[in-house]
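Student: Any chance you can model this:
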Amino acid sequence: MVRYASLIAANALRNRRRSALTVASIAISLCLLAVLGAAYLALFGEPEASPAEALRLMTHHKVSITQPMPVSFEARIRQIPGVADAMVWQWFGGTYKDARDPRNFFARFAVEPARLFGIRSELRIPAGHRARFQQERTGCIAGRKLAARFAWKPGDRVTLLGDIFPVTLELTIAGIYDDPNNDEILYFNYEYLRELLKAEDAGPDQVGVFIVQVKSLDAVIPVADAIDKEFENSTAPTETVTERAWQLSFLSFLGNLKLFLSSICGALGFTVLLVCANTISMAVRERIREVGIMKTLGFRPGTLVALTIAESTCLALAGGAIGLGLAEILCVMVQSSGTAYAALNLRITAEVALASCAAAVALGVGSSALPAWQASRMNILDALRHTG
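Tutor: Residues are numbered from 1 along each chain as shown. Here you go, the predicted structure:
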């Protein structure tokens with residue numbers, strides 16, 4: 001095929017407007033496919049857990065993660081064999097500045113500062129910032145990416161208006177931390193929240209989740225079973241899962257996302273296949289007489305089919321390359337948008353890129369194989385008499 005490269009290029013660019021529109025349609029379709037593929041991997045991919053993450057469990061109410069549990073469960077969890085430590089992990093919610101602006105959304109959790117850095121050992125923070133967070137009742141720490149979004153620095157004030165809880169938090173940035181997994185979370189002192197709730201007479205001490213650190217990997221499953229067995233006959237039976245399973249549990253509220261994403265990808269692929277097949281069929285019909293002349297000159301039917309498929313595949317790969325570039329730009333825009341979607345961590349990985357290239361090749365071959373085969377089987381005289 002190398003010696004026919006100039007012929008393939010000339011045929012591909014013969015009708016430049018049509019070729020450009022074909023490449024554009026493929027680029028847009030494969031861009032969407034790549035972004036959807038990146039979203040699928042971000043949501044359902046199973047990356048290998050870090051050593052620290054593999055030793056963490058999340059304990060929540062068995063009925064729903066929205067149902068609270070008594071704070072007294074924490075001390076009982078620590079006494080279970082195999083548990084290294086445990087602490088409160090309470091989602092606050094609330095509003096920062098204008099709730100109508102999605103860029104003001106970020107995760108905020110009430111934790112126990114004295115235990116946070118032992119249980120989440122991957123957090124990196126200067127010693128001075130850590131000490132200030134542990135000493136100041138109203139202190140909080142923010143991930144570096146989150147702090148950069150709002151231009152926060154140590155000493156700045158942050159006000160969170162409660163919605164789940166009927167209190168307003170007046171926090172002071174005590175430090176900035178780095179987290180290789182998620183540095184867009186704000187942590188504050190649970191005792192501060194607890195004091196405010198007591199002042200408002202908001203009911204008994206209850207929390208939504210406990211995060212548990214296990215001593216060894218072999219103890220993860222036994223400890224999870226032991227925790228749930230400990231509270232199975234209580235007023236708040238529990239369910240204890242791995243940290244990864246807990247994160248994925250939030251997707252269940254959105255329905256069957258796997259089927260939804262797969263259906264969209266299938267519909268996109270089928271649509272662009274029809275578009276390309278129609279375009280290639282038009283191009284082949286316009287060159288039926290040329291096919292007859294080429295057969296007269298000694299070109300074999302197999303060579304003619306290969307030339308047409310190569311032309312179509314080149315157009316598809318050009319569209320795929322542009323589509324991947326657009327997809328990368330979209331992913332970067334989502335990552336820097338400051339909205340809740342930034343937490344998806346969309347990335348065009350090598351796996352997504354290879355799948356997109358394979359889809360482009362399959363598209364080029366699938367759309368051109370049949371019309372090329374039909375044209376190559378035509379009798380020379382019929383081909384020469386063809387008027388288009």
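
Student: burial of the nearest residue to Leu13 once chain neighbours are set aside, as a residue count?
Tutor: Nearest non-adjacent residue to Leu13, counting by CB to CB, 6 or more residues apart in numbering: Ser19, 5.9 Å away. Where C-beta positions appear, they are placed from N, C-alpha and C, glycine not excepted. Neighbours of Ser19 under the rule other CB atoms under 10 Å: 19.

Student: With the one 10 residues further on instead?
Tutor: A count of neighbours around Ser29, defined by other CB under 10 Å, yields 23.

Student: pretty sure it contacts Leu268?
Tutor: Yes - counting by CB atoms under 8 Å, Ser29 sits close enough to Leu268 to count as a contact (5.4 Å).

Student: returning to what we had before: gap between the residue nearest to Leu13 and Arg377?
Tutor: For Ser19, the distance to Arg377 (CB to CB, to the nearest Å) stands at 26 Å.

Student: where along the stretch 51-200 of the chain do the helices fall?
Tutor: 51-54, 73-78, 113-119, 127-135, 144-150, 190-199 (DSSP state H, counting those that start in this stretch).

Student: Tabulate these (a markdown table), appending mean neighbour count.
Tutor: As requested, the helices of the stretch 51-200 of the chain are exported to a markdown table (neighbours: other CB atoms under 10 Å):
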| stretch | mean neighbour count |
| --- | --- |
| helix 51-54 | 14 |
| helix 73-78 | 17 |
| helix 113-119 | 18 |
| helix 127-135 | 16 |
| helix 144-150 | 18 |
| helix 190-199 | 16 |
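
Student: quick one: which of those helices is nearest Gln335?
Tutor: helix 144-150 (9.3 Å; CB to CB).

Student: for that closest one, what is the average pLDDT?
Tutor: Helix 144-150 shows a mean pLDDT of 91.

Student: Only C-alpha atoms, please: export that helix in PDB.
Tutor: Written as PDB, here are the backbone C-alpha positions of helix 144-150 (Å, rounded to 0.1, in the frame of the first residue of the first chain):
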ATOM      1  CA  ARG A 144      -4.400  22.900  47.500                       C
ATOM      2  CA  LYS A 145      -6.500  22.800  44.400                       C
ATOM      3  CA  LEU A 146      -9.600  24.000  46.300                       C
ATOM      4  CA  ALA A 147      -7.600  26.800  48.000                       C
ATOM      5  CA  ALA A 148      -6.200  27.800  44.600                       C
ATOM      6  CA  ARG A 149      -9.800  28.000  43.200                       C
ATOM      7  CA  PHE A 150     -10.900  30.500  45.800                       C
END
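
Student: How about Thr279: what's its closest non-neighbour residue?
Tutor: Nearest to Thr279 is Thr22, by CB to CB, 6+ apart, at 4.9 Å.

Student: ugh, wrong one, Leu370
Tutor: Nearest residue to Leu370, sequence neighbours excluded (CB to CB, 6+ apart): Ala277, at 7.6 Å.

Student: Check which helix or strand Ile348 maps to.
Tutor: Using DSSP states H and E, Ile348 falls within no helix or strand.

Student: what's the neighbour count on it?
Tutor: Considering only other CB under 10 Å, Ile348 is surrounded by 21 other residues.

Student: I appreciate the help and will end here.
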